[in-house]
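[1] give me the fold of what follows.
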Amino acid sequence: MTKATPAQRVAELREVIEAANLAYHTHDDPIITDAEYDALKRELVALEVANPELQSPDSPTRKVGAAPAEGFEKIRHEMRMMSLSNAFEADDVTDFQAAIRSYLVLGSEATVAMTAEPRSMAYRLPCATRMAIWSLPPPAVMARLVRMSLKMPG
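    Numbering: from 1, shown residues only. You can find the predicted model right below:
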């Protein structure tokens with residue numbers, strides 16, 4: 001069996017990810033698990049970084065999802081939604097905390113409170129403020145709460 005070239009693998013990954021996006025976002029009928037999706041997306045990102053000539057403005061790494069299923073109305077959030085993205089380690093949460101502090105122009109010692117709620121296939125951390133500073137559990141505790149909610153080992 002011949003190993004795929006980077007260009008062939010990138011094309012394959014884009015096709016699978018786009019099909020998964022369409023199934024999940026437009027048809028509300030996922031065809032792969034979140035873990036499988038995340039692994040495919042990480043592989044695609046790595047290939048595009050290692051092979052810049054394969055980068056494309058229409059790559060799934062440059063956009064989010066697909067058109068939403070019918071029946072959803074557009075809403076405008078009072079504040080920008082910030083994404084935790086793919087957090088697998090406590091350091092990921094620490095980096096997210098730093099990004100929030102930077103966005104809110106807070107010092108590195110400021111505390112920020114967040115909540116995590118399970119959704120059907122993802123987590124959102126809606127954080128809004130009216131001139132408030134929040135407190136946040138340490139990253140290891142936050143990661144443990146997410147793992148417990150997902151019933152993940154560790």
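[2] could you pull out the strands for the chain?
    Taking DSSP state E as the test, the strands found in the chain are 117-118, 123-124.
[3] in terms of mean pLDDT, which of the ones you listed ranks lowest?
    Among those, strand 123-124 has the lowest mean pLDDT, at a mean of 41.
[4] Val10 against Asn51, yeah?
    Yes - contact criterion Cβ atoms under 8 Å: Val10 and Asn51 qualify, at 7.3 Å. C-beta coordinates here come from the backbone N, C-alpha and C atoms, glycine included.
[5] quick one, which of those two is more surrounded?
    Val10 (21 against 14; other Cβ atoms under 10 Å).
[6] what's around Lys41, how many residues?
    Lys41: 17 surrounding residues under other Cβ under 10 Å.
[7] one more: Tyr24?
    Residues lying near Tyr24 (other Cβ under 10 Å) number 21.
[8] quick check: closest non-adjacent residue to it.
    Among residues not flanking Tyr24 along the chain, Pro30 sits closest, at 4.8 Å (Cβ to Cβ, 6 or more residues apart in numbering).
[9] how is the chain divided into domains?
    Following automatic domain parsing, one gets these domains for the chain: 6-62, 90-150.
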